[in-house]
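> Okay, predicted coordinates and the sequence, questions at the end:
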Amino acid sequence: MKSKLKLRQAIDSLYANGPASHECYTRLALECFRARDVDQAKRLESHMDLHLFKPNDNFIHNRLLNLYAKSGQISHARKLFDEMTQRDNFSWNAMLSLYAKSGLVKDLRVIFDSMPSRDSVSYNTVISGFAGSGCAGQALGVFLSMQKEGCKPTEYTHVSVLKACTQLLDLRKGKQIHGRIIICNLGNVFVCNALTDLYARCGEIGQAGRLFDRMLIRNVVTWNLMISGYSKNRQPEKCIDLFHEMQVSNLKPDQVTVSSVLGAYIQCGYIDEARKVFGEIREKDEVCWTTMIVGCAQNGMEEDALLLFSEMLVENARSDGYTISSVVSSCAKLASLYHGQVVHGKAFLMGVNDDLLVSSALVDMYCKCGVTRDAWAVFRMMPTRNVISWNSMIGGYAQNGQDLEALSLFESMNNALTQGYNQNADGTGLNVLIDGKECEELHVGRLQQFVCKELNNSERDCVHTITANHKYEMLLAW
């Protein structure tokens, strides 16, 4: 704070005394850069322009340009860059860094292509910028150009290139890079972390584990990548074991670690352990809340799922359709109409009431609560429907004694299917009606007619034919 105050006073004195020497401008530019004071840098630049001062080297402009770039001052940096009569690699690289950090990949490409000469910093900045902005293909293309021009890649280069391979799930290219790393002996912890992430995300979790075991130096990121890798590759037991191993090491798990382990505990059905880990997470994000809520809902702890959802709302955490559908399903299992209606209202306010998962869950919930009128209202407003939504509505009518409505809707589904609906009937709804055994002869006759038609349509598929024959035999047994 004192340094910024002194800097401002120095610039004030500059304005009071008129033009200054090259040495004075150089010293003040350096002080602006060290203090990261963009406002005083702009005042200094304005003073030089006011007195038509033109530095005889790039030092002053490069320091100001670098400060603007590091501070995200895109327009000021570009203006100064365009006005510079002399530019060196430092000037060009400062602009590359600015555009890379800002995600402006088009401008990044233009500047890079306009450079009279490039060094390893230029290539590393552009490759990192493209990889960081999701332009993995362009990142690999620049890496290829770097090799053709004989510019030697560094460990930093390989980290960005491996990140691009991971985005593309290009295991073959990643293995080629791995080979280069071994030959060049460039395997620091950051490179090894990038390799671990690549193998884990590409499903080569065994190779990731072997790489992890050989690492002499591991940081928290290393452990997190391996733990999340086991979780994503459906090996929750190994994920939990590695978490316990990390706890007895000298490294303390962070938020990312416990978030990954939370999902592993849920997958294994260890709800109590999941609760403990969940309680240790200081800043719970949407993924943590959803994981815990869905875990409770899927393990028969519907009331806990509702309570967690309530806490989630109090914390103003975001929720998506997957979370809402799980909570609605919990309401359906509890046959709690009140809570289901409350969640329906929340879904409407969040704008996810038209989500296919949410709508299907709402139809099922209202049917199980005996309110088929509201279920039909939701079903009728669905922009798209799948077999689950049709089955929920048909089954809901049948279970609530509304056989005529069930049969009518079943035929509507059949018509939708014949008009190009993107699913196979496979007897949906018919299961419910047969199990209910409450249809009158008219219903049976119409169902028989439908099954016979399905038998003819499914001759090409042996499995469907067997299923249809079985259902037809069940009908004849009535």
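On my side now, so go ahead. Numbering: from 1, shown residues only.
> Touching, residue 125 and residue 94? I think so.
No: using CB atoms under 8 Å, residue 125 makes no contact with residue 94, being 9.6 Å away. Every C-beta, even on glycine, is put in place using the N, C-alpha and C of the backbone.
> out of those two, which sits in the busier spot?
Ranked by neighbour count (other CB atoms under 10 Å), residue 125 and residue 94 place residue 125 first, with 28 against 25.
> In three-state terms, label the residue nearest to the more buried one when sequence neighbours are not counted for me.
Take residue 125 and drop its neighbours on the chain: the residue closest to it by CB to CB, 6 or more residues apart in numbering is residue 96, 4.5 Å away. At residue 96 the chain is in helix, as set by DSSP: H, G, I helix; E, B strand; the rest coil.
> Tell me how far residue 96 lies from residue 122.
Look at residue 96 and residue 122: by CB to CB, to the nearest Å, they are 6 Å apart.
> These two: who's more crowded?
Using other CB under 10 Å as the criterion, residue 96 and residue 122 rank with residue 96 on top: 26 against 21.
> Give me the nearest residue to residue 51, chain neighbours excluded.
Nearest non-adjacent residue to residue 51, counting by CB to CB, 6+ apart: residue 19, 4.0 Å away.
> Now the one you found: phi and psi?
phi -60, psi 150 (degrees, to the nearest 10).
> tally of neighbours for it?
That count, for residue 19 with other CB under 10 Å as the rule, works out to 13.
> just residue 206 next, same as before
Counted with other CB under 10 Å, the neighbours of residue 206 add up to 11.
> Could you do residue 34 as well?
Neighbour count for residue 34, taken as other CB under 10 Å: 12.
> what's the following helix or strand after the strand or helix carrying it?
Counting by DSSP states H and E, the element that carries residue 34 is helix 22-35. Counting by DSSP H and E, the next helix or strand C-terminal to helix 22-35 is helix 38-50.
> ok so, going back, send over the helix holding residue 34 as CSV, restricted to the C-alpha atoms.
Only the C-alpha atoms of helix 22-35 are listed here, as CSV (Å, rounded to 0.1, in the frame of the first residue of the first chain):
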residue,chain,number,x,y,z
HIS,A,22,14.4,8.6,-20.2
GLU,A,23,15.9,7.3,-17.0
CYS,A,24,13.0,8.7,-15.0
TYR,A,25,10.4,7.2,-17.2
THR,A,26,12.2,3.9,-17.2
ARG,A,27,12.4,3.8,-13.3
LEU,A,28,8.7,4.7,-13.0
ALA,A,29,7.6,2.1,-15.6
LEU,A,30,9.5,-0.5,-13.6
GLU,A,31,7.9,0.6,-10.4
CYS,A,32,4.4,0.5,-12.0
PHE,A,33,5.1,-3.1,-13.0
ARG,A,34,6.4,-4.1,-9.6
ALA,A,35,3.5,-2.6,-7.8
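> okay, the angle between it and helix 38-50?
Here helix 22-35 runs at an angle of 160 degrees relative to helix 38-50 (axes from the mean of the first three to the mean of the last three CA atoms, to 10 degrees).
> Check the offset of helix 22-35 from the chain's centre.
Relative to the mean C-alpha coordinate of its chain, helix 22-35 is positioned 43 Å out (CA atoms, centre = their mean, to the nearest Å).
> So which elements touch that helix?
In terms of contacts (3 or more CB pairs under 8 Å, 6 or more residues apart in numbering; DSSP states H and E), helix 22-35 is packed against helix 2-17, helix 38-50, helix 59-70.
> so of the ones you listed, which one's packed in deepest?
helix 59-70 (a mean of 22; mean count of other CB atoms under 10 Å).
> what's the spacing between the helix or strand following that helix and its chain's center?
On the C-terminal side of helix 59-70, the closest following helix or strand by DSSP H and E is helix 74-83. Mean-position distance between helix 74-83 and its chain equals 34 Å (CA atoms, centre = their mean).
> Give the buried residues for helix 74-83.
For helix 74-83, the neighbour count (16 or more other CB atoms under 10 Å) marks 74, 76-78, 80-81 as buried.
> now, among those, which is nearest to residue 201?
Nearest to residue 201 among those: residue 74, at 32.8 Å, using CB to CB.
> The closest one contacts residue 98, correct?
Yes: look at residue 74 against residue 98 with CB under 8 Å: they come within range, at 6.4 Å.
> ok, now which ones touch residue 281?
255, 258-259, 262, 288 (CB atoms under 8 Å, 6 or more residues apart in numbering).
> Mind doing that once more with 10 Å?
When the contact criterion is CB atoms under 10 Å, 6 or more residues apart in numbering, the partners of residue 281 are 255, 257-259, 262, 288-289, 292.
> now residue 103
By CB under 10 Å, 6+ apart, the neighbours of residue 103 are 129, 132-135.
> okay, those in a markdown table with distance to residue 30 and neighbour count next?
Below are these laid out as a markdown table (distance: CB to CB, whole Å; neighbours: other CB atoms under 10 Å):
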| residue | distance to residue 30 | neighbour count |
| --- | --- | --- |
| 129 | 27 | 27 |
| 132 | 30 | 16 |
| 133 | 32 | 18 |
| 134 | 37 | 13 |
| 135 | 35 | 19 |
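> which one of the residues you listed is nearest residue 321?
Distance to residue 321 across the contacts of residue 103 (CB to CB) is lowest for residue 134, with 24.0 Å.
> where does that closest one fall, helix, sheet strand or coil?
Going by three-state DSSP, the state assigned to residue 134 is coil.
> how about the helices in the stretch 51-200 of the chain?
Taking DSSP state H, counting those that start in this stretch as the criterion, the stretch 51-200 of the chain contains helices spanning 59-70, 74-83, 89-102, 105-114, 120-132, 136-148, 155-168, 171-184, 189-201.
> what helix or strand does the residue nearest the centre of the chain sit in?
Taking CA atoms, centre = their mean as the criterion, residue 287 is the residue nearest the geometric centre of the chain, at 9.8 Å. Using DSSP H and E, residue 287 falls within helix 286-298.
> Which secondary structure elements does that helix sit against?
Helices and strands touching helix 286-298, by 3 or more CB pairs under 10 Å, 6 or more residues apart in numbering; DSSP states H and E, are helix 255-268, helix 271-280, helix 302-314, helix 321-334.
> can you tell which of those helices is closest to residue 410?
Proximity of the helices and strands packed on helix 286-298 to residue 410 was assessed by CB to CB; the nearest stretch is helix 321-334, lying at 21.3 Å.
> and that closest one, which residues are buried?
Buried residues in helix 321-334, counted by 16+ other CB under 10 Å: 321, 323-334.
> Provide the count of other residues in contact range of residue 342.
With other CB under 10 Å as criterion, residue 342 counts 16.
> That one touches residue 336, doesn't it?
Yes: with contacts counted by CB atoms under 10 Å, residue 342 reaches residue 336, the gap being 9.3 Å.
> Need the overlap of contacts for those two.
Shared contacts of residue 342 and residue 336, counting by CB under 10 Å, 6+ apart, come down to residue 306.
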